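Engineer: starting from these lines, generate the structure:
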Amino acid sequence: MFRICSFFLFITALAAEPADWIWTARWVITEDAQHRVIENGAVAITGDHIVGVGTRAEIDSRFQAKQRLDRGDAILAPGLINTHTHAAMSLFRGIADDLRLQDWLEKYIFPAEAKNVSPDFVRWGTRLGCLEMLLGGTTTFTDMYYFEDVVAEAAKEAGMRGVLGETIIGFPVADNKTPADALAFTERYLIRFRDDPLVVAAVAPHALYTNSDETLKSSRALAEKYHAPLLIHVEETKKEVDDTLAARHMTPVEVLDSLGVLTGPTVAAHCVWANDGDIAILKQRNVGVAHCPSSNMKLASGAAPVVRMLAAGIHVGLGPDGPAGSNNDFNMFEEMDLAAKLQKVITMDPQALPASMALEMATIGGARALRMEKEIGSIETGKRADLIVVRLDRPNAVPMYDAVSQMVYALKADDVRDVMVNGRPVVRDGRILTLDEKAIMAKAEEYRAKIAASLE
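Structural biologist: So this is what the prediction gives:
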């Protein structure tokens with residue numbers, strides 16, 4: 001009998017497909033088209049992509065893996081997708097709080113940036129941002145800042161996926177003194193990171209109110225030339241809308257559309273004050289929207305009409321925006337929770353945006369907003385292996401009746417235990433594998449002292 005069993009196991013092993021990894025968990029939240037949640041589930045990974053998804057028994061019978069990660073008391077989920085942030089601004093965390101957007105920008109942020117932003121600042125600020133994001137389960141971030149080539153280098157060092165936009169703005173800044181300089185810089189950046197496995201290089205005109213019409217048109221033309229996405233702040237505040245209506249008798253969305261800026265892959269951050277006509281244009285142009293509930297609440301910018309956008313068929317993702325004043329962390333678990341609750345409050349309907357939709361916005365919805373849904377955002381065969389494991393052995397995680405609800409309303413960024421990006425483990429047992437955490441924390445303190453002195 002022993003020989004028969006051994007022979008059977010030998011034949012089964014020979015027939016099994018090779019895989020680099022098998023990850024298992026008590027629950028696998030797939031975010032696939034059927035929104036499957038698999039009990040005692042498993043995922044097989046080869047190279048940078050997923051080759052199998054199913055129950056643990058199914059995957060173990062089909063694949064023979066070189067390495068395993070078995071988490072019997074955890075949720076395995078797609079990596080979270082941040083659709084709007086400014087990672088390097090982590091070094092300005094808390095520099096000026098409890099202000100309106102224009103005061104925050106003009107009186108504090110722009111002056112602080114003028115005195116402190118350099119390639120070294122951006123490198124260490126991005127490292128700090130990536131450290132926080134990866135430890136909190138974010139595997140893809142959408143960024144808009146200066147020296148974006150350095151942001152890309154730091155993201156790749158961290159092993160993190162990024163849609164990274166070089167800022168184009170109508171006044172002198174740290175990396176470029178004119179919009180023409182910024183456009184030329186951006187073109188070199190787009191060429192350098194073309195076809196990179198982790199970095200999607202993007203064009204990022206800051207906003208309608210900080211750029212001329214010609215610069216905005218040139219930004220779109222550059223994006224089209226290199227088949228790159230365009231990132232832009234849109235209708236974040238009522239003042240922005242009121243000023244544009246007074247000057248041009250159109251909303252910012254209408255102006256951008258009239259200039260041709262929205263005719264191509266675009267991610268519009270905020271859209272807090274989008275009216276029905278704006279929503280129709282955003283849908284028509286297939287613009288992805290990055291909803292930033294923490295930022296919009298903290299700056300008292302308003303509450304975006306997310307329910308109406310979703311009803312119109314717009315792809316809406318989530319973003320924490322950036323530390324400094326608009327939001328002081330990169331916590332996507334917090335954004336999911338707040339996104340759901342904020343819509344309930346403004347509509348007076350507890351079912352307005354359920355947990356399932358909030359989680360979708362942080363995963364496959366964000367991927368759709370970035371037009372990357374064929375690559376990331378769900379756990380499906382053929383997609384990139386961007387995975388997170390969230391522990392269920394802490395007081396805030398028990399008891400559990402619904403895995404999706406638990407992810408949105410109960411679990412926290414600190415509960416993330418393991419992270420994989422593009423088939424590479426980058427966090428294990430809550431510890432970063434790709435970055436020097438002690439060096440990053442020490443450098444952040446050095447910059448705190450330098451920045452504080454520069455503002456005296």
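Engineer: pLDDT weak spots in the protein?
Structural biologist: 1-14, 325 (pLDDT under 70).
Engineer: got the domain ranges for this structure?
Structural biologist: 18-78+387-421, 80-369 (automatic domain parsing).
Engineer: could I get those domains in CSV, plus columns for distance to residue 454 and mean neighbour count?
Structural biologist: Using the backbone N, CA and C atoms, a C-beta is placed for each residue, glycine as well. Below are the domains of the chain laid out as CSV (distance: least, CB to CB, whole Å; neighbours: other CB atoms under 10 Å):
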stretch, distance to residue 454, mean neighbour count
domain 18-78+387-421, 31, 19
domain 80-369, 4, 21
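Engineer: so for residue 439, which of these sits nearest?
Structural biologist: With CB to CB as the criterion, residue 439 lies closest to domain 80-369 of the domains of the chain, at 8.5 Å.
Engineer: among the domains of the chain, which is nearest residue 431?
Structural biologist: Of those, nearest to residue 431 by CB to CB is domain 80-369, at 8.4 Å.
Engineer: I'd say residue 81 and residue 160 touch.
Structural biologist: No. Using CB atoms under 8 Å, residue 81 is not in contact with residue 160, being 11.5 Å away.
Engineer: which residues do the two both contact?
Structural biologist: Listed as contacting both residue 81 and residue 160 by CB atoms under 8 Å, 6 or more residues apart in numbering are 139-140.
Engineer: returning to what we had before: and of the domains of the chain, who's closest to residue 456?
Structural biologist: domain 80-369 (10.8 Å).
Engineer: starting at the chain centroid, how far to that closest one?
Structural biologist: In terms of CA atoms, centre = their mean, to the nearest Å, the centre of domain 80-369 is found 10 Å from the chain centre.
Engineer: how long is that domain from one end to the other?
Structural biologist: Length of domain 80-369, first residue to last, CA to CA, to the nearest Å: 13 Å.
Engineer: now residue 195: which helix or strand?
Structural biologist: Under DSSP states H and E, no helix or strand contains residue 195.
Engineer: which strands and helices sit next to the helix or strand containing residue 186?
Structural biologist: Assigned by DSSP H and E, residue 186 belongs to helix 179-192. Packing partners of helix 179-192 (3 or more CB pairs under 8 Å, 6 or more residues apart in numbering; DSSP states H and E): helix 148-158, strand 161-168, strand 199-205, helix 213-225.
Engineer: residue 385: which of these is closest?
Structural biologist: strand 161-168 (11.0 Å).
Engineer: now do that closest one against helix 213-225, angle only.
Structural biologist: Orientation check (axes from the mean of the first three to the mean of the last three CA atoms, to 10 degrees): strand 161-168 against helix 213-225 gives 150 degrees.
Engineer: what packs against strand 161-168?
Structural biologist: The helices and strands touching strand 161-168, judged by 3+ CB pairs under 8 Å, 6+ apart, are strand 138-145, helix 148-158, helix 179-192, strand 199-205, strand 230-234.
Engineer: mind checking which of the ones you listed is nearest residue 300?
Structural biologist: For the helices and strands packed on strand 161-168, proximity to residue 300 was assessed by CB to CB; strand 230-234 is nearest, at 16.4 Å.
Engineer: can you give the contact residues for the closest one?
Structural biologist: With contact meaning CB under 8 Å, 6+ apart, strand 230-234 is reached by 84, 142, 144, 163, 165, 202-208, 219-220, 223, 252-253, 256, 261, 264-271, 274.
Engineer: turn the helices and strands packed on helix 179-192 into a markdown table, columns for distance to residue 43.
Structural biologist: Below are these laid out as a markdown table (distance: least, CB to CB, whole Å):
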| stretch | distance to residue 43 |
| --- | --- |
| helix 148-158 | 22 |
| strand 161-168 | 17 |
| strand 199-205 | 24 |
| helix 213-225 | 34 |
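Engineer: closest to residue 103 out of the ones you listed?
Structural biologist: Of the helices and strands packed on helix 179-192, nearest to residue 103 by CB to CB is strand 161-168, at 20.5 Å.
Engineer: alpha carbons of the closest one, in PDB - could you do that?
Structural biologist: The C-alpha trace of strand 161-168 is given here as PDB (Å, rounded to 0.1, in the frame of the first residue of the first chain):
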ATOM      1  CA  ARG A 161       4.200  50.000  -9.400                       C
ATOM      2  CA  GLY A 162       3.500  53.600 -10.300                       C
ATOM      3  CA  VAL A 163       1.700  55.800 -12.800                       C
ATOM      4  CA  LEU A 164       4.000  58.700 -12.400                       C
ATOM      5  CA  GLY A 165       3.300  62.200 -13.800                       C
ATOM      6  CA  GLU A 166       5.900  65.000 -14.200                       C
ATOM      7  CA  THR A 167       4.200  68.200 -13.100                       C
ATOM      8  CA  ILE A 168       3.800  71.000 -15.700                       C
END
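Engineer: name every strand pairing with it and say which way it goes.
Structural biologist: Strand 161-168 has its sheet partners listed here by DSSP bridges as strand 138-145 (parallel), strand 199-205 (parallel).
Engineer: any idea which of the helices and strands packed on helix 179-192 gets closest to residue 131?
Structural biologist: helix 148-158 (7.3 Å).
Engineer: list the helices and strands the closest one packs on?
Structural biologist: helix 119-135, strand 138-145, strand 161-168, helix 179-192, strand 199-205.
Engineer: out of the ones you listed, nearest to residue 349?
Structural biologist: strand 138-145 (28.9 Å).
Engineer: give me the angle between that closest one and helix 148-158.
Structural biologist: Using the same axes, to 10 degrees: strand 138-145 against helix 148-158 is 160 degrees.
Engineer: just to revisit the earlier point, now the domains of the chain in JSON lines, with distance to residue 432?
Structural biologist: Formatted as JSON lines, the domains of the chain follow (distance: least, CB to CB, whole Å):
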{"stretch": "domain 18-78+387-421", "distance to residue 432": "9"}
{"stretch": "domain 80-369", "distance to residue 432": "6"}
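Engineer: tell me which of those sits nearest to residue 445.
Structural biologist: Checking those against residue 445 by CB to CB gives domain 80-369 as the closest, at 10.2 Å.
Engineer: for the residue nearest the centre of the chain, which non-adjacent residue is spatially closest?
Structural biologist: Nearest to the mean C-alpha position of the chain, by CA atoms, centre = their mean, lies residue 82 at 1.3 Å. Closest residue to residue 82 apart from its sequence neighbours, by CB to CB, 6 or more residues apart in numbering: residue 141 at 4.2 Å.
Engineer: isn't the one you found up against residue 88?
Structural biologist: No. Using CB under 8 Å, residue 141 makes no contact with residue 88, being 11.4 Å away.
Engineer: who touches both of these two?
Structural biologist: Counting by CB under 8 Å, 6+ apart, the residues touching both residue 141 and residue 88 are residue 129.
Engineer: if I look at the closest residue to residue 288 other than its chain neighbours, how far off is residue 101?
Structural biologist: Nearest residue to residue 288, sequence neighbours excluded (CB to CB, 6+ apart): residue 369, at 2.9 Å. The gap separating residue 369 from residue 101 is 22 Å, by CB to CB, to the nearest Å.
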